[in-house]
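Colleague: Build the 3D model from these lines:
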Amino acid sequence: MTSSSAPEGNRAPDSFVGRKRELAELRAGLRDAIAGHSHLFLLNGEPGIGKTSLTDEFGREALVQGVHVAWGRCWEGDGAPAYWPWIQVLRACLGDSDAEHRAAILNSEASPQVGQDVAQLLPELRAAHAPTPRHLRPQPTDPEQARFQLFESVATVLKNVARVGSLVIVIDDLHDADRPTLLLLKFIAGHIKNTHILLVGTYRDTEVRQSLELTRLIGDLSREGHSLPMVGLSELEVGEFVANSSGRKADGRLVADLYQATDGNPLFVDGVVRLLVAEGRLDRAAAGDTFKIPDGVQESIRRRLLKLPEETNRMLSIASVIGNEFETQLLTQASGSASEEIVERLEGALRAGIVVDSPIGGPHYRFSHPLVREALYQDLPAKRRIQLHAVIGAAIEEVHKDDLKPRLAALAHHFRAAANAGSAINYSIAAIDAAEAMFAHEEALSHLRTALAIPECHDHDGAQRAAVSLRLGRILACSEDREQGLAYLDRALRIFEQIGDDQRTGEAHFHLGRMFVFGPQMHVKRALSNFQRAEILLRRDSESYSLGMLHWGLALVSFEALRINEALTSSQKAMDTFARLGDRESWASVAGNHSQYLMVKGKLAEAKDLLDQIAGVAASFANPNAFQTVN
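Modeller: Modelled structure (predicted):
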């Protein structure tokens, strides 16, 4: 455990106490990684036990050895985009690279699509990695296959980085991670064998045990690596900790009392010692004067906060609503204070160990522990919290008006907490789009369900809620709960019919038809009914991808009903639509079906000519073997 008597990044060389066993394991793992044998370590323990401090210390040791260390911190609560820790890690890996080095990492001839895939997580790469005709490849239509492709590309980037020099990746607070982040960590852990990469994750075991899903996901991760449970400091280590924190030799009785009262929890020990030093009572406590052990870690934190000036606590309260990490520019906008005043106030909080410099760099800070932020946030009156969420949402809009996309989830979270239903649902829908673009389906589902829970007062005709129901139904029907998905689609259809929105009504019919033809079982009659109604309502949009899919679905269901001529007519319309859109993969897939219908009609020469065309188109794909016709 590191004593927090100095700000993070500026600690004295001898301020780290204990953790010899854990450090020895991590050092051995680093030696293996440098030699080309990767590992995953999972540090776990109760809040305040010193997981982050241990990884901080280990990270400094790795840097001294010339190893690249990339940090990703999970965001507590709502507001972070999907894969947020991995976005931080990728930026850390690529941020210091010059153009030539970055191109070597992202543009290898063996995997030309890597840059395009990673650009889905890092918007700043999109301009430089737009698909070219040479490297254009068909996008998987299956969501899980698309996500696998993204995971594979992220793993390729990390392996390319590690070829230049050994790499340590630390993902902090996995108990706060979204499911896609944990799935990507498991994937990478299983695909970096015999590389120069060391993975380290931390989590609170108490919080993991409270969630069946987290227990399963962390259990899966544990099978990929080594678990390092962390317990409290020993009595001897508590004595060293007190000496380092106070600058004087600790009295044996004080150390024994502290050890017994805190079970060696470093955050708790630090809080009590700081209070004794601030009150000038450390010597008296050692001489036999009684001292009050707070009833809990948060009570200890609150007593430490009382020692700070009122204006500093006001700043910290606003920062606690922003999140565990915060930037001074946003705090300036939200508080109405000058940036110089904020920096001055935060200096006192830095000295008190309430906040630390963020490894992100620049004018960013983070609370020294999530429990510190939680204590500040919980102490705010409910009305004041609502006001601050509204102020911070508006501040994000102003400060980042030129780049809101990475902050859509945060905006949805703040306006939802501020009871601003209109802005909350608009940003939720935008966050859904962003999550789906990164194949973070679980995150998209979370935003969809949250959006549906927002009060309806601003949406008088129900159009927005119907649009959300349509999106939620599409995802659920294709994944975890088909029946519930169909119910949401039916609900959306009824609302769009009531308000007279023909285009959206057609879309709802189309998606219902897709469920009955592309789902686990084909329902010819229902699919045909929905598709025929959709065709009437959508036919004005001749360039629509949905219209191409509609005609494709009509072809499939017509063929199943032995209406071969209708199947040929519909598949030809689908081919024409995809050709106009330049969607070569979809065209080739439909053409495969069309050739099958031609063969059934005995038009073998036409079928052969079409199959030759399909082969020619598929040969231009980056990975021709990935193409398969849909039968």
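Colleague: Downstream of the helix or strand of the chain with the lowest mean pLDDT, the next helix or strand is which one?
Modeller: Here the helix or strand of the chain ranked lowest by mean pLDDT, DSSP states H and E is helix 282-286, holding a mean of 60. Of the helices and strands lying after helix 282-286 in sequence (DSSP states H and E), the nearest is helix 297-305.
Colleague: Could you list every helix and strand that that following helix packs against?
Modeller: Packed against helix 297-305 by the contact rule (3 or more C-beta pairs under 8 Å, 6 or more residues apart in numbering; DSSP states H and E) you find helix 266-278, helix 370-378. Where you see a C-beta, it was placed from the backbone N, CA and C, and this is true even at glycine.
Colleague: doesn't P47 make contact with L267?
Modeller: Yes - counting by C-beta atoms under 8 Å, L267 touches P47, with 7.3 Å between them.
Colleague: if we can go back for a sec, looking at the helices and strands packed on helix 297-305, which one is packed in the most?
Modeller: When the helices and strands packed on helix 297-305 are scored by mean count of other C-beta atoms under 10 Å, the highest mean neighbour count falls to helix 266-278 (a mean of 23).
Colleague: Centre of the chain to that one, how far?
Modeller: Its chain's C-alpha centre lies 34 Å from the corresponding centre of helix 266-278 when counted by C-alpha atoms, centre = their mean, to the nearest Å.
Colleague: which helices and strands sit right next to it?
Modeller: helix 235-246, helix 252-262, helix 282-286, helix 297-305.
Colleague: if you set the cut-off to 6 Å instead, what comes out?
Modeller: helix 235-246, helix 252-262, helix 297-305 (3 or more C-beta pairs under 6 Å, 6 or more residues apart in numbering; DSSP states H and E).
Colleague: Give the next helix or strand downstream of the shortest one.
Modeller: Moving toward the C-terminus from helix 297-305, the first helix or strand encountered (DSSP H and E) is helix 310-322.
Colleague: For burial, what's the neighbour tally of the nearest residue to L106 once chain neighbours are set aside?
Modeller: Leaving aside its chain neighbours, L106 sits nearest to G115 (3.8 Å; criterion: C-beta to C-beta, 6 or more residues apart in numbering). Neighbour count of G115, defined by other C-beta atoms under 10 Å: 24.
Colleague: How about the one 3 residues further on?
Modeller: Residue crowding around V118 was assessed by other C-beta under 10 Å; the count is 23.
Colleague: List the contacts of it.
Modeller: Applying C-beta atoms under 6 Å, 6 or more residues apart in numbering to V118 gives the contacts S153, V157.
Colleague: returning to what we had before: out of the helices and strands packed on helix 266-278, nearest to L562?
Modeller: helix 297-305 (70.1 Å; C-beta to C-beta).
Colleague: Now the closest one: average pLDDT?
Modeller: In this model, helix 297-305 has a mean pLDDT of 75.
Colleague: Also stretch 544-559?
Modeller: Here the average pLDDT along stretch 544-559 is 84.
Colleague: What residues of it count as buried?
Modeller: If you call a residue buried by 16 or more other C-beta atoms under 10 Å, then stretch 544-559 has these buried ones: 544, 546-559.
Colleague: Just those residues: which are in helices?
Modeller: Counted as lying in helices by DSSP state H, out of the buried residues of stretch 544-559, are 546-559.
Colleague: can you redo these as a markdown table with distance to V67?
Modeller: A markdown table is the format used below for those (distance: C-beta to C-beta, whole Å):
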| residue | distance to V67 |
| --- | --- |
| S546 | 50 |
| L547 | 54 |
| G548 | 50 |
| M549 | 49 |
| L550 | 54 |
| H551 | 56 |
| W552 | 51 |
| G553 | 53 |
| L554 | 58 |
| A555 | 56 |
| L556 | 54 |
| V557 | 58 |
| S558 | 61 |
| F559 | 59 |
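Colleague: Can I get stretch 431-441 as CSV, trimmed to CA atoms?
Modeller: Extracted in CSV, the C-alpha atoms of stretch 431-441 (Å, rounded to 0.1, in the frame of the first residue of the first chain):
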residue,chain,number,x,y,z
ALA,A,431,-25.9,7.0,-27.3
ILE,A,432,-27.8,3.9,-28.6
ASP,A,433,-26.6,4.7,-32.1
ALA,A,434,-23.0,5.1,-30.8
ALA,A,435,-23.1,1.8,-28.9
GLU,A,436,-24.5,-0.1,-31.8
ALA,A,437,-21.8,1.3,-34.1
MET,A,438,-19.2,-0.3,-31.7
PHE,A,439,-21.2,-3.6,-31.5
ALA,A,440,-21.7,-3.0,-27.8
HIS,A,441,-25.1,-4.6,-27.9
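Colleague: picking up where we left off before, mind putting the helices and strands packed on helix 297-305 in a markdown table, distance to F148 and mean pLDDT included?
Modeller: Listed next are these as a markdown table, based on distance: least, C-beta to C-beta, whole Å; pLDDT from 0 to 100:
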| stretch | distance to F148 | mean pLDDT |
| --- | --- | --- |
| helix 266-278 | 40 | 78 |
| helix 370-378 | 32 | 86 |
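Colleague: Please convert those to TSV, extending it with distance to R351.
Modeller: Formatted as TSV, the helices and strands packed on helix 297-305 follow (distance: least, C-beta to C-beta, whole Å):
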stretch	distance to R351
helix 266-278	10
helix 370-378	14
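Colleague: Quick check: which of the ones you listed is nearest to V255?
Modeller: helix 266-278 (9.6 Å).
Colleague: Tell me the predicted confidence for Q145.
Modeller: pLDDT, Q145: 79.
Colleague: could you say which helix or strand contains it?
Modeller: helix 143-164.
Colleague: ok, now M599?
Modeller: In the assignment (DSSP H and E), M599 maps to helix 584-600.
Colleague: Not counting that helix itself, show me its contacts.
Modeller: So helix 584-600 is in contact with 138, 552, 564, 567-568, 571, 574-575, 578-579, 606-607, 610-611, 614, 617, 629-630, going by C-beta under 6 Å, 6+ apart.
Colleague: What residues of that helix count as buried?
Modeller: So for helix 584-600, counting by 16+ other C-beta under 10 Å, buried means 584-598.
Colleague: try stretch 496-511
Modeller: Per 16+ other C-beta under 10 Å, stretch 496-511 contains these buried residues: F496, D501, R504, T505, G506, E507, A508, H509, F510, H511.
Colleague: from the middle of its chain, how far away would stretch 387-403 be?
Modeller: 21 Å.
Colleague: coming back round to it: identify, from the buried residues of stretch 544-559, the entry nearest to H369.
Modeller: S546 (49.1 Å).
Colleague: and the closest one, what is it in contact with?
Modeller: Applying C-beta under 6 Å, 6+ apart, the residues near S546 are F510.
Colleague: swap in L275?
Modeller: Per C-beta under 6 Å, 6+ apart, neighbours of L275: R303.
Colleague: do the same with the one 3 residues further on
Modeller: With C-beta under 6 Å, 6+ apart as the criterion, the residues that contact A278 are K307.
Colleague: quick one: the helix or strand in which A412 is found to helix 310-322, angle?
Modeller: Taking DSSP H and E as the criterion, A412 maps to helix 408-417. Orientation note: helix 408-417 sits at an angle of 110 degrees relative to helix 310-322 (axes from the mean of the first three to the mean of the last three C-alpha atoms, to 10 degrees).
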